[in-house]
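Trainee: Based on what follows, work out the 3D shape:
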Amino acid sequence: VQLVESGGGLVQPGGSLSLTCTASVSHFADYAVGWFRQAPGKEREGVSCLRIEDGDTYLADSVKGRFTTSSDNAKNTVFLHMTNLSPQDTAVYYCATAPRLDGEVHCSAWDYDYSAWGQGIQVTVSS
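Mentor: Numbers count the residues shown, from 1 in each chain. Take a look at the predicted model:
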């Protein structure tokens, strides 16, 4: 599995930004795709997850009401739409995939449940 993130950059507080993760997999529905972030000096944090087969999603409490995740299954792509950004959202953002195991696909907030990772992309919120 190869994952490529795009869409990061610099945005002002209160602004919006969308990240894209494209996966090179043969059967996209066999995966859940999560977004994580890691700020300097902090542990990696689970932000969101989307289970491709049914669209079920998870969002961390810290981003609920501001972030959403969606997919374009025909393009093996998952998006993280971020609004009302604050400097506390500044981090390197990673997408990751959790594969089907024992016939099931689960979303998880924990990074150890994901087996493939993108290279990460910087999001900086600053005026």
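Trainee: burial count for Thr124?
Mentor: By other C-beta atoms under 10 Å, the residues close to Thr124 number 15. Heads up, the C-betas are built off the backbone N, CA and C, glycines and all.
Trainee: swap that for Asn76, sorry
Mentor: As a burial measure, Asn76 scores 19 neighbours (other C-beta under 10 Å).
Trainee: What of Tyr112?
Mentor: Here the number of neighbours of Tyr112 (other C-beta under 10 Å) works out to 6.
Trainee: show me what contacts it?
Mentor: Contact partners of Tyr112, counting by C-beta atoms under 8 Å, 6 or more residues apart in numbering, are absent.
Trainee: tell me, what residue is most central in this structure?
Mentor: With the centre of the chain defined as its mean C-alpha position, the nearest residue by C-alpha atoms, centre = their mean is Trp35, 2.0 Å away.
Trainee: what secondary structure does that residue sit in?
Mentor: Following DSSP: H, G, I helix; E, B strand; the rest coil, Trp35 is assigned to strand.
Trainee: Tell me the predicted confidence for it.
Mentor: As predicted, Trp35 sits at a pLDDT of 98.
Trainee: That one contacts Tyr93, correct?
Mentor: Yes: with contact taken as C-beta atoms under 8 Å, Trp35 and Tyr93 are classed as touching, separated by 6.2 Å.
Trainee: any common contacting residues for those two?
Mentor: Shared between the contact lists of Trp35 and Tyr93 (criterion: C-beta under 8 Å, 6+ apart) are residues Leu19, Val47, Leu80.
Trainee: got any ranges where the protein has weak pLDDT?
Mentor: Low-confidence regions of the chain, defined by pLDDT under 70, are absent; no residue qualifies.
Trainee: all strands for it, in order.
Mentor: Across the chain, reading from the start of the chain, the strands by DSSP state E fall at 2-6, 9-11, 17-24, 31-38, 45-51, 57-59, 67-72, 77-82, 91-99, 116-117, 121-125.
Trainee: What residues sit buried inside the first one?
Mentor: The neighbour-count criterion (16 or more other C-beta atoms under 10 Å) identifies Leu3, Glu5 as the buried residues of strand 2-6.
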